[in-house]
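> What shape does this take:
(one chain, ligands or ions: 1)
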Amino acid sequence: MATIRRATALTVLHYATPLIVFSLYSTRRIVGFCLLQRPAKRTESKKARYTVLGGTTAIVAIQIAQAALCLTRTLNETAWWPAEDYVVYLVLSILVWGSIAVGLYDSPTPRWGTLCASFSAALVLELAVLVIGADPDPNKDGTVRATFALETTRSFLYLAMSTCSGFFAIRDHFGKTAADEESRPLLGNARDGSPSKTATDYATIPEGDDSDEDESDRNKGIKEKQRQRLEQHGNWIGYLRDFKILLPLVWPHHNRKVQACLAVIGATMIADRFFTVLVPRQLGIITDKLTMVAGKGIMPYHEIAVWLLYSWLVSPAGYNILKNFAELPMQQYSYQSIAGTAFDQIMSLSMDFHTDKNSGELIRAIDQGQGLHDLLDFVCFSLGPMVIDLAVAFGYVYYLFDVYMMLIILVTGLFYTWVAAKFTQISRGRQRNWVKQWRTESRVQTESISNWQTISYLNNAIYESQRYGTAVTAVNTAQRSYFSIYYFGSGLQSAVLLLGRLSVSLLAMRRISQGTASIGSFITLNAYWTAIQSPILNAAGSFRRISTLLIDSERLLQLLRTTASVKDAPNASTLRVGVGKIEFEDVCFAYDDRKPTLKNLTFTAEPGKTVALVGETGGGKSTTLKVLFRFYDVKSGSIKIDGQDIRSVTLESLRNVFGCVPQDPSLFNISILENVRYARLDATDEEVHNACRAASIHDKILSFPDGYESKVGERGVKLSGGELQRVAIARAILRKPKIVLLDEATSMVDTGTEAQIQKAFERLTSGRTTFVVAHRLSTIQHADLILVINDGEIVERGTHDELLALNGKYVRLWSKQSGKTRTAEISHSVDVSTDSTLIETDDEIASACKSDHDGDVGVPRLDGDFDSLR
Ligand SMILES: Nc1ncnc2c1ncn2[C@@H]1O[C@H](COP(=O)(O)OP(=O)(O)OP(=O)(O)O)[C@@H](O)[C@H]1O
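Numbering: from 1, shown residues only. Below you'll find the model as predicted:
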């Protein structure tokens, strides 16, 4: 009785020992990874690590020696066969301690506390195995004595290692701080965007698909944000909780149709899990039936019919058709909601955001926002089923054969994953280099082709050919280097899988020969192998995939969490414009708090009058218009339109009242007609034509081969600077705005055309409060109020004549432009546009142009250094 109890206890211990140690070790690591995000006190000490690594390796070596002894005895004594629990114990122990040794080798700062707990648990359990399993027979043979000696030595090693790691844990607790391995973010060292290499780096899971440096650089900022969030939350759970604001984008709350699709996908996924087992099983059943009735002319029709049904159901022609149909609406739903939300968010953000971000980054945020959908899709419909398939595979092969089959699959899976992960790590650097060289080649190629003219002028074709040849050679070398390791790695991985498959097949054949398994089970195993293999193949890449998708989702999250710096105040009212009086009261503004851009601007633009802003470049003229348009909010002071503070009205109503001609107008790549109409979407063709006539561009447009239907190219590149500005003026005219803002609206036109445009401006600005920023003072000399802005301050103000009389900065500007020194002379000669009569027709414009030409004194543009004039 006591012997039976002892044997049972030993069996339980054999199964439990490696499992308990593994659970303890992995649970502490997983909990640490998820919760203990804040750096714990850790010391990076090679001596300590190598000491414990040496001890652990010795433990594994002893276990291997023990397994070798067991194998030798099995081969030598035909009547002896090791107990199943003992074999499981040995194999699992080697795997567990082998994994711990690999972990120690890879990690510069091991978790000593976890290791101490694992060694201590192993010590207690192994001592129990030693005591309970001790053979009282004094005549025990050499193998038993050797096994006992090995187990005793191993127990001493457990004792020594638990003491060492306990000591290191205590030393760390009172010692200096280093980054906790489990506390590193998923995305590598976010501080520099590079993968982790040292203890102070931040990374546990390999970087995402940053297969080239450019990509890595682009991800730098987003990884930094991710790191900050992770540190702020202190753990991954808190970090991931932030993503819940994105859930409405992928979860079809109010869309019954998409919910139904989701249910169909879920159902097919569950069905897949069953059929993965049922199809090979049915093949086995048919084989067994056929074996029984072989030569008798009997067909197992029923079994074959079931197999055919299963095979059809699981094929792409079966329920997977439903799945494919259901997936499309799901994808389209999430695409529409994610892309639409991201786009609206970007468009709603303020100018500071848009000037900081490059458009490529913004487009990426929309494109890669799909990463969120892919992430959920991957976790729910790939990773989840993969884990289930693996668990089912273990259970099913155990049911079909025995625990040894299960062990072979476990060893194959672990070994394959480790080899795959290692080779990916090794090949990543080479892959990056290959992509980098490839980009260099493409850059050289593009540069050379686009600079063909320069190359021809300088007669450097041979040099360019050599340069390109060198780039191509570098690509080939880098590609060879990458593929050599890649082929070797994939060969090794395939060899591991093949070895696993051969082993299970051999074992199955042995079982059949022993009569403990049927031929059908061998067929089932072979047919089922694909299902076993696929989770093993995918496991290695899963972490990488998740980490890449997390970066993409993070980008979307950051975008949606960004709030506009200029937005409607709560209870903002609609702007009501009456006469159009604009008051700047003590307005201060700065792009950067360290450097004020506008300082205490105070002035009033009277209704219907024109205020001109002149002065040195970079003085703050355009900024004054930007704060009026509320691209930015003033830091202090106020801007009022007809007595209403522009911060208290809605942005929509505010921006509705302006007609702007910006410094650098940009057009859409559509026809000129549509480009002008963009200013007022309901304008008729006739109104567009009239606006263009008034902007002196109508005849020019008609001279284009396609007239108003001519495409203007990306941002209007097919138009000259002057044409571009006149189209922008036509837009402003078409809007019929209440307030007009002209920011160097004629900077790119020649003086002759400018004279024509002046007439157009008179039409546009007549009776409207107008702000004009101009460098050519001739264009603003009739302004009702001229403000000379220098370094963000109004240094002079008045009409043209008043400012000339002041003989200050304005006069110096004026002198410089006209090239004359005597004020009176200047005043007389530059009177280019005194006739404010409105012109109606092209002929009138033409004659106005002629008369302006006659009066044109060729006023040069002031682009020089204003300081030099002082
Ligand atoms: N988005 C921005 N971020 C930071 N600084 C800016 C930004 N835009 C303009 N500035 C700076 O603000 C100052 C005023 O610029 P602003 O464009 O208003 O000058 P300006 O008088 O219109 O010059 P110009 O006559 O050359 O157009 C300049 O020093 C400029 O470098």
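> Could you show which parts of the stretch 451-600 of the chain are in contact with the ligand?
For the stretch 451-600 of the chain, the contact set with the ligand under Cβ under 6 Å from any ligand atom comprises Tyr591, Thr597. For glycine as for every other residue, the C-beta is placed from the backbone atoms N, C-alpha and C.
> again with the chain
Contacts of the chain with the ligand, taken as Cβ under 6 Å from any ligand atom, map to Thr355, Tyr591, Thr597, Thr617, Gly618, Gly619, Gly620, Lys621, Ser622, Thr623.
> Secondary structure element holding Asn690?
helix 685-694 (DSSP states H and E).
> need the next SSE after that helix, C-terminal direction.
helix 698-703.
> Report all helices and strands that that next one contacts.
Packed against helix 698-703 by the contact rule (3 or more Cβ pairs under 8 Å, 6 or more residues apart in numbering; DSSP states H and E) you find helix 685-694.
> rerun at 10 Å
Using 3 or more Cβ pairs under 10 Å, 6 or more residues apart in numbering; DSSP states H and E, the elements in contact with helix 698-703 are helix 672-677, helix 685-694, helix 721-735, helix 842-855.
> Put the alpha carbons of the shortest one into CSV.
The C-alpha atoms that make up helix 672-677 are tabulated as CSV, following Å, rounded to 0.1, in the frame of the first residue of the first chain:
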residue,chain,number,x,y,z
ILE,A,672,-9.3,76.6,-63.6
LEU,A,673,-13.1,77.0,-63.7
GLU,A,674,-13.5,74.7,-60.7
ASN,A,675,-10.6,76.2,-58.9
VAL,A,676,-12.1,79.7,-59.0
ARG,A,677,-15.6,78.3,-58.2
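> Pull out the buried positions in that helix.
By neighbour count on 16 or more other Cβ atoms under 10 Å, the buried set for helix 672-677 is Ile672, Leu673, Glu674, Asn675, Val676, Arg677.
> Just send these back as CSV, with pLDDT too.
Converted to CSV, the buried residues of helix 672-677 look like this (pLDDT from 0 to 100):
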residue, pLDDT
Ile672, 89
Leu673, 91
Glu674, 91
Asn675, 89
Val676, 91
Arg677, 91
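> so can I have TSV of those residues showing distance to Gly721?
As requested, these are exported to TSV (distance: Cβ to Cβ, whole Å):
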residue	distance to Gly721
Ile672	15
Leu673	21
Glu674	21
Asn675	16
Val676	17
Arg677	22
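> which one of those sits closest to Thr604?
Distance ranking of these against Thr604, using Cβ to Cβ, places Val676 first at 33.0 Å.
> The helix holding Asn690 vs helix 721-735, what angle?
Angle between the axes of helix 685-694 and helix 721-735 is 130 degrees (criterion: axes from the mean of the first three to the mean of the last three Cα atoms, to 10 degrees).
> Output helix 685-694 as PDB, nothing but the C-alphas.
Below are the C-alpha coordinates for helix 685-694, written out as PDB (Å, rounded to 0.1, in the frame of the first residue of the first chain):
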ATOM      1  CA  ASP A 685     -20.000  79.800 -64.800                       C
ATOM      2  CA  GLU A 686     -20.900  83.400 -65.700                       C
ATOM      3  CA  GLU A 687     -20.100  84.600 -62.200                       C
ATOM      4  CA  VAL A 688     -16.700  82.800 -62.400                       C
ATOM      5  CA  HIS A 689     -16.000  84.400 -65.700                       C
ATOM      6  CA  ASN A 690     -16.800  87.900 -64.400                       C
ATOM      7  CA  ALA A 691     -14.600  87.400 -61.300                       C
ATOM      8  CA  CYS A 692     -11.800  86.400 -63.600                       C
ATOM      9  CA  ARG A 693     -12.400  89.400 -65.800                       C
ATOM     10  CA  ALA A 694     -12.200  91.600 -62.800                       C
END
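> what is the mean pLDDT for it?
Per-residue pLDDT values across helix 685-694 average out to 90.
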